[in-house]
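>>> next come a sequence and a model predicted from it.
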Amino acid sequence: MLRLPVLLSLLSSIAVASASALPFALEHRLASPDEFSSSSSFKDLRLRQDFGEEEGQFEEEEGSSSEVALTIQSVSNCLVSGHVALTFDDGPYLWEKEVASKLKDVDGKGTFFLNGNNYACIYDHADTVKALFSAGHTLASHGWAHKNHSLSTYDEIHEDLEKLEIAFAKILGIKPTFYRPPYGIITDLLLEVLVERGYTSLIMWSDNSGDADGATVANQKLTYDAISKSYPAPHLSLQHSTKDFTSKDTLSYSLPLLKKVGYKLSNLDTCLGLVGASYLKIGEPGVKDESWVC
Ligand SMILES: [Zn+2]
């Protein structure tokens, strides 16, 4: 697998001493209306490279552009009115089938930000991953080992993303394009690597159930009560499929409530108006062999 498929192809006309030393500057700007349908919840995280500012570090070939703009969009809410996207992090583990079953009961779809080797090894739950995909849930990357990438090197971030991409390719024949950073921690280096690996969307959230931060079921219910009262404003909520009380008790309360007030429970593709955008089809699913280990 190519390690730098995007960036290096764009930089082919520019001599770069060290890719890891690129002086990226991060700009935040609102997307224009024709880029996205409506909301200021979309921001364009533009990685702008100012070549030549640090004398001697870069060398431009004659006629090449002085700036190469590469972008990944940061998403913190749905865009489609009347939709809630429930996102479940840190699996696969034990409760994904329970979550999917409860979503099915309300004609809903969800989104799962999967790890490769966190609570469990993804290859040991390949059948569950396939079932979620077949049922129309969005599957996205949360990295291989749930690392705090503010402590990772450039190569370590690449490796963490690549290992999960390999698992997605083997199990599903796809490459994810949506990513959520563990602990919500974003650094310039992480953004740089995400862009290089072809990720299009950095997914955060509008509402946090708090289930990974000690919130009780009663605490979590308050979050969904507030969402239900805001209908039809869109929401993008954070939960964890690794928590049995979320998958059982909280969803038994929140899903019927949200449906009752009129919300559609949608996967991220649908609630962003980007159906089919969360992955690239890169081949056929593989057959389990001795390489399917963590
Ligand atoms: Zn996580």
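Received the coordinates, thanks. Numbers count the residues shown, from 1 in each chain.

>>> near the ion, which residues of the chain?
Residues of the chain lying near the ion by Cβ under 5 Å from the ion: 89-90, 182. C-beta: built from backbone N, CA, C; applies to glycine.

>>> out of the residues you listed, which end up buried?
When those are checked for burial by 16 or more other Cβ atoms under 10 Å, the buried set is 89-90, 182.

>>> Asp207: which of these is nearest?
Asp207 has its nearest neighbour among these in Asp89, at 13.6 Å by Cβ to Cβ.

>>> that closest one touches Gln239, doesn't it?
Yes. If you go by Cβ atoms under 8 Å, Asp89 and Gln239 touch, sitting 7.4 Å apart.

>>> can you point me to the longest helix in this protein?
helix 154-172 (DSSP state H).

>>> what residues of it count as buried?
Those would be 154, 157-165, 167-172, for helix 154-172 by 16+ other Cβ under 10 Å.

>>> so Leu238, which state does it fall into?
Recorded secondary structure, Leu238: strand (DSSP: H, G, I helix; E, B strand; the rest coil).

>>> what pairs with it across the strands?
Thr87, Asn208 (DSSP bridges).

>>> contacts for the helix or strand Val84 falls within next, please.
Secondary structure assignment for Val84, by DSSP states H and E: strand 83-89. Contacting residues not belonging to strand 83-89 are listed as 78, 96, 99, 103, 108, 110-113, 142, 180, 203, 205, 212, 227, 234-242, 246, 258, 263-268, 270-272 [Cβ atoms under 8 Å, 6 or more residues apart in numbering].

>>> of these, which belong to helices?
In helices, judged by DSSP H, the following of the contacts of strand 83-89 are found: 96, 99, 103, 227, 258, 268, 270-271.

>>> highest neighbour count among those residues?
Compared across the ones in helices among the contacts of strand 83-89, Leu268 has the highest neighbour count, 30 neighbours, by other Cβ atoms under 10 Å.

>>> I figured it hits Gly136, correct?
No. The pair Leu268 / Gly136 is not scored as a contact, 11.6 Å apart, by Cβ under 8 Å.

>>> for the residue nearest the centre of the chain, give me its contacts.
Nearest residue to the geometric centre of the chain (Cα atoms, centre = their mean): Tyr179, 2.3 Å. When contacts are counted by Cβ under 8 Å, 6+ apart, Tyr179 touches 140-143, 161, 194, 199, 201-203.

>>> please state the offset of stretch 94-102 from the chain centre?
A distance of 20 Å separates the centroid of the chain from that of stretch 94-102, by Cα atoms, centre = their mean, to the nearest Å.

>>> who's in contact with that stretch?
In contact with stretch 94-102 (Cβ under 8 Å, 6+ apart) are residues 88, 110, 112, 119-120, 125, 128, 131-132, 135, 137, 241-244, 246-248, 251-252, 255.

>>> just the buried ones from these?
Here, 16+ other Cβ under 10 Å leaves 88, 110, 112, 119-120, 125, 128, 132, 137, 241-243, 246-247, 251, 255 buried among the contacts of stretch 94-102.

>>> looking at those residues, which one is closest to the ion?
Thr242 (8.6 Å; Cβ to the ion).

>>> where does pLDDT dip in the protein?
1-69 (pLDDT under 70).

>>> bridging residues for Ala140?
Residues in a beta bridge with Ala140, per DSSP bridges, are Phe113.

>>> all further residue positions should be reported with the first residue as 203.
Noted, 203 is the first residue going forward, which turns the last one into Ala342.

>>> and it, how many residues sit next to it?
Each residue near Ala342 was counted by other Cβ under 10 Å, and the total is 26.

>>> ok, the one 3 residues further on next?
Number of residues near Gly345 (other Cβ under 10 Å) recorded here: 24.

>>> for the one 3 residues further on, same thing?
Residues contacting His348 under the criterion other Cβ under 10 Å number 17.

>>> contacts only, for it.
292, 317, 320, 384.

>>> tell me how far the second one lies from Lys461.
Distance check for Asn317 against Lys461: by Cβ to Cβ, to the nearest Å, it reads 29 Å.
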